[in-house]
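[1] predicted coordinates and the sequence they were generated for:
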Amino acid sequence: MNDQATVVKALLPVLDGTLDEATIQKLIEVPKTSNLGDYAFPVFTLAKTYRKAPQMIAKELVEKIDASQFEKIQAAGPYINFFLDKPQFSHDLLHEILTTADHYGDADLGKKGNVPIDMSSPNIAKPISMGHLRSTVIGNAIANILRKVGYNPIKINHLGDWGTQFGKLIVGYKKWGSEEAVKADPITNLLKYYVRFHQEDQKDPELDDEAREWFRKLEAGDDEATKLWSWFREVSLKSFMKIYDMLGITFDSFNGEAFYNDKMAEVVQLLEDKNLLKESQGAEIVDLSAYDLNPALIKKSDGATLYITRDLAAAIYRKRTYDFVQSVYVVGNEQRDHFKQLKAVLKEMGFAWSDQIHHVPFGLITQDGKKLSTRQGRVILLEKVLNDAVDLARQEIDKKNPDLPNKEAVAKDVGIGAVIFHDLKNDRLNNFDFNLEEVVRFEGETGPYVQYTNARAQSILRKAGAIELDAAADYTITDASAWEVLKALGNFPQMVVRASKEYEPSVIAKYALHLAKTFNKYYANTKVLVDDAEKPARLALVASVSQVLVQSLSLLGVNAPKEM
RNA sequence: GUCUCAGUAGCUCAGCUGGAUAGAGCAAUGGUCUUCUAAACCAUGGGUCGUGGGUCCGAAUCCCACCUGAGGCACCA
């Protein structure tokens, strides 16, 4: 393969050992514009050892380098610019992509190691909001990316199906609710009781006592409480599944908070055995001042356990069950300290694997600049957003391609693809203010733009008829206008690796946009279906672009219709 | 008060781990469909990279201080 490694190999012998291979590799960069070559080596660092001006060094080195593997090598000021052998590169790369097919870009960093991913995790009896979308789609994309580089991801939906809010919910249901209402529209009505509870307890603090009492009953296994709880859970989950189906996302486990109820006593026992528990203000804590952290609250003064106790139990359970090589938590940035505490407590408990726990934080979705809050009734319902997106996509199709077959399926792919892509294209940690027009956009740097690019590539391939894979075919492209596309195609594998190391789906989203952009430019200027010697190579290029675009979108969890 | 994240074009954001003249999209203006889907392509305008110091041959990028915004800071998750 004609790539960065070739550049390193060319440089190594002429540097007389002043720099080692790894250092050279690190220094090599990609110039901003193509007229400066495909790779560049800045020689500033050599100026001291050679006691010469960088420009001179560059000029002298160029004389000595074996240029046979390259189109040319030039000194440009303090840089040595390498121009790859384009015909060779295109031939090798297109063959590689077409023969490896969906496995192009695969890596084996993970050695099949298990990686549980804690993601989505909505609360029972509350609607799935835009906020949950982030954890869901980021987690799903990370799972896909990790699988591609050789890990075995396990998607865990850690449902919020336990806690004091159930006491509140039961009180609200008994006071203001009815079976019929819950049956008719579970989430809406359950949410109504919850919101009303928080309004009324402002003036009537006794409600809180009632709620606490009901939750105590639930924990004690009281019949009526348990029945209500499991009913709420069941109807909620059913409506969640509808949304996950729309998003095309599945899970390997729905073990949520309730699942760990019987596993927390052991955690507390372990902490006691190691003498880590301390009493403070009536509560049981683990002191973490050595880590510069607030103490971890293991047990409330009333004896009830808390969030972190449950997460400790879950972490230990996951280690035992999956023997993970990494354990990933896709949870909002506002919980940063919580995960630091979690890792610190595990470390104190003597679990060396606490280092394998990775919190993957993401930024907030706000509305009018403020945090969304279910309690205050400020929610953006994900289901509505998705439906709106599909509606808008349908309108777009009616306008642009009214005769399209499978309109409904395509509208779904495009509308929902737009929403998912929008969520993934920027750095995870960026906050963003919700704006429907912004989220469901079809033009510019969007999911539909990438989908559209693929649809056009597919259209060319349809018109060309089937192209047979011939190992002996000549895929040499001499056309300079194809060069940027080829280079972009060649970058895919390293983008996948980077995305996996940084847990950053936006790397893939940005890559897909870049590839689509270079291809659109090519497409606008070069006719593919012309009968000449390079036509098979051009078709191989188009097929490769489509394949890599589809692959990129699929890593993000976005479908790629063949026509739109 | 303290910690985290952010501050780059009118708006939304790129800028990989310090490197060559700071880039996209949207919006604005003008152009391109008898030719592989115009959800596209091309062109033009638009910048004291929050402010002030420092390190370096070289800083949007690293360090320090300050300003602004969002979020967190033990009995919610």
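    Thanks, I have the structure now. Numbers count the residues shown, from 1 in each chain, chains lettered A, B, ... in the order given.
[2] so what strands line up beside the least confident helix or strand in chain A by mean pLDDT?
    Least confident helix or strand, chain A: strand A:370-371 with a mean of 79, by mean pLDDT, DSSP states H and E. Here strand A:370-371 is paired, per DSSP bridges, with strand A:365-367 (antiparallel).
[3] and the strand it pairs with, how far from the chain's centre?
    On the basis of C-alpha atoms, centre = their mean, to the nearest Å, strand A:365-367 is displaced by 19 Å from the centre of the chain it belongs to.
[4] A:A464 - how many residues pack around it?
    A:A464 has 16 neighbouring residues, counting by other C-beta atoms under 10 Å. In this view, the C-beta of every residue, glycine as well, is placed from N, C-alpha and C.
[5] before we move on, what about the one 3 residues further on?
    The tally of other residues near A:I467 (other C-beta under 10 Å) stands at 15.
[6] in contact with it, which residues?
    A:L461, A:P536, A:L539, A:A540, A:A543 (C-beta atoms under 8 Å, 6 or more residues apart in numbering).
[7] do the same with A:T49
    A:T18 are the contacts of A:T49 under C-beta under 8 Å, 6+ apart.
[8] which SSE is it in?
    helix A:46-50 (DSSP states H and E).
[9] ditto for A:I73
    Using DSSP H and E, A:I73 sits within strand A:70-76.
[10] ok, and does that strand reach over to RNA strand B?
    Yes. Applying C-beta under 7 Å from any atom of the strand, one finds strand A:70-76 touching RNA strand B at A:A76.
[11] packing partners for that strand?
    Contacts defined by 3 or more C-beta pairs under 8 Å, 6 or more residues apart in numbering; DSSP states H and E place strand A:70-76 against helix A:4-11, helix A:54-64, strand A:79-84.
[12] could you identify which of the ones you listed is most buried?
    Most buried of the helices and strands packed on strand A:70-76, by mean neighbour count (mean count of other C-beta atoms under 10 Å): strand A:79-84, with a mean of 22.
[13] once you drop chain neighbours, what's closest to A:A499?
    Closest residue in space to A:A499, ignoring its immediate chain neighbours: A:V507 at 3.9 Å, by C-beta to C-beta, 6 or more residues apart in numbering.
[14] what do you get for A:F197?
    A:G172 (4.3 Å).
[15] and if you look at A:L190?
    Closest residue to A:L190 apart from its sequence neighbours, by C-beta to C-beta, 6+ apart: A:A125 at 4.0 Å.
[16] correct me, but the one you found touches A:L237?
    No. The pair A:A125 and A:L237 does not pass the contact test of C-beta atoms under 8 Å, sitting 10.5 Å apart.
[17] pick out whichever of those two has more residues nearby.
    More crowded of A:A125 and A:L237, by other C-beta under 10 Å: A:A125, with 27 against 18.
[18] hang on, the earlier thing: now the residue nearest to A:F197: which helix or strand?
    helix A:165-176.
[19] check A:T321 too.
    Using DSSP H and E, A:T321 sits in helix A:307-322.
[20] how close does the residue nearest to A:A499 get to A:K517?
    16 Å (C-beta to C-beta, to the nearest Å).
[21] any idea which residue of the stretch 51-200 of chain A lies closest to RNA strand B?
    RNA strand B sits closest to A:Y79 of the stretch 51-200 of chain A, with a gap of 3.4 Å, by C-beta to the nearest atom of the strand.
[22] now the strands for the stretch 201-350 of chain A?
    Here the stretch 201-350 of chain A has its strands, by DSSP state E, counting those that start in this stretch, at A:277-280, A:283-286, A:296-299, A:327-330.
[23] dump the last one to CSV, restricted to CA.
    Spelled out, it's strand A:327-330. Extracted C-alpha coordinates of strand A:327-330, given in CSV (Å, rounded to 0.1, in the frame of the first residue of the first chain):
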residue,chain,number,x,y,z
SER,A,327,-17.0,-0.9,30.8
VAL,A,328,-18.5,2.1,29.2
TYR,A,329,-21.1,4.5,30.5
VAL,A,330,-22.7,6.9,28.1
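[24] for A:L306, what are its contacts?
    Applying C-beta under 8 Å, 6+ apart, the residues near A:L306 are A:L297, A:I298, A:K299, A:K300.
[25] the second one and A:I285 touch, don't they?
    Going back to what we said before, that points to A:I298. Yes. Assessed by C-beta under 8 Å, A:I298 is found in contact with A:I285 at 6.3 Å.
[26] higher neighbour count, the two?
    More crowded of A:I298 and A:I285, by other C-beta under 10 Å: A:I298, with 23 against 18.
[27] that one and A:G17, how far apart?
    Distance, A:I298 to A:G17, using C-beta to C-beta: 57 Å.
[28] sorry, back to before: so which elements touch the helix holding A:G172?
    helix A:186-203, helix A:206-220, helix A:223-247.
[29] wait, which of those helices is closest to A:S289?
    Nearest to A:S289 among the helices and strands packed on helix A:165-176 is helix A:206-220; the distance by C-beta to C-beta comes to 30.9 Å.
[30] buried residues in the helix or strand where A:T23 lies?
    Following DSSP H and E, one finds A:T23 within helix A:21-27. With burial defined by 16 or more other C-beta atoms under 10 Å, the residues of helix A:21-27 counted as buried are A:I24, A:L27.
[31] quick one: is that helix near RNA strand B?
    Yes. Applying C-beta under 7 Å from any atom of the strand, one finds helix A:21-27 touching RNA strand B at A:K26.
[32] with just CA atoms, put the next helix or strand after that helix into CSV.
    Where DSSP H and E defines the elements, the next helix or strand beyond helix A:21-27 is strand A:39-42. Extracted in CSV, the C-alpha atoms of strand A:39-42 (Å, rounded to 0.1, in the frame of the first residue of the first chain):
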residue,chain,number,x,y,z
TYR,A,39,2.1,14.1,3.1
ALA,A,40,4.6,16.6,4.4
PHE,A,41,7.6,16.3,6.7
PRO,A,42,8.6,19.5,8.5
